[in-house]
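J.: Here is my input; please provide its structure:
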Amino acid sequence: MQHSRTNTRRLAHLTRLFLTAALLLAAGCGRRAVVVTGPGAQSGQTVLLTNLHADGRGVIWSANYTNPPGGVTIPICTPVRIDAVGRREIRFTTLTDHRRYRYVLHRSTRSTLHDHLQRYFGAACPDVTSMSPEDQAGIQNGQVYQGMTKQGVILAIGYPPENLTPSLEADVWRYHTNRFNRFEVYFTNGVVSGMRN
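T.: Here you go, the predicted structure:
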């Protein structure tokens, strides 16, 4: 009995040492493990919580260029594998077509990489079935349409960049189309009432 307790303690001690060494090694590489919590976490699945826009090199900027050069839209609910989280970027692979992407913090970004990780990656796909037809169409097409809600716009094209729209309570959200162009989305009572380039 005493021998069994000693072995259990040794095993627990070795496990702690191994985990500590692994965390220190990961910290030394500038990367850390990602733990996704919430519904669906038991299955280990990770999905995109909004549509994301990648440029031709597979880079997604936190400044949220909604139409970058050579760009593609990665659809909401796409299953992904988080490959690495560094100091200023998240590397991930889409499990539908095995393409690799980098989500990179732009220098204008005020929130942390962890905030962006929680915003765009989760364990369960957002339920859009109870949303308006305008919201559902916009999310499906990655576009903003009149009559969409703020939540619908976020799911369709992502969060507005913080340097252009400091508060989601504002009635005007400003987005980048690309590095050189911007557009504005106008809300009346929380619903899209117009847009301007």
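J.: residue ranges with poor pLDDT in this protein?
T.: Across the chain, the stretches falling below the confidence threshold (pLDDT under 70) are 1-43.
J.: Check it and tell me which residue is nearest its centre.
T.: Within the chain, one residue has its C-alpha closest to the average C-alpha position: by C-alpha atoms, centre = their mean, that is Tyr120, at 1.8 Å.
J.: quick one: contacts for the closest residue to that one other than its chain neighbours?
T.: Counting by C-beta to C-beta, 6 or more residues apart in numbering, Tyr120 lies nearest to Leu49, which is 5.6 Å off, once chain neighbours are set aside. In this view, the C-beta of every residue, glycine as well, is placed from N, C-alpha and C. The neighbours of Leu49, taking C-beta atoms under 8 Å, 6 or more residues apart in numbering as the test, are Ile76, Arg119, Tyr120, Phe121, Gly122, Cys125, Pro126, Leu155.
J.: Now flag whichever of those is closest to His98.
T.: Phe121 (17.2 Å; C-beta to C-beta).
J.: quick one: contacts for the closest one?
T.: Val34, Val36, Thr46, Val47, Leu48, Leu49, Val80, Ile82, Ile90, Phe92.
J.: how about the strands of this protein, start to end?
T.: For the chain, the strands identified by DSSP state E occupy 47-48, 52-54, 59-61, 72-74, 80-85, 89-94, 100-104, 121-122, 172-176, 182-188, 191-196, in order along the chain.
J.: What helices and strands are in contact with the first one?
T.: It stands for strand 47-48. In this structure, strand 47-48 packs against strand 121-122, with contacts taken as 3 or more C-beta pairs under 8 Å, 6 or more residues apart in numbering; DSSP states H and E.
J.: now the helices for this structure?
T.: When assigned using DSSP state H, the helices of the chain occupy the ranges 2-28, 113-120, 133-141, 150-157.
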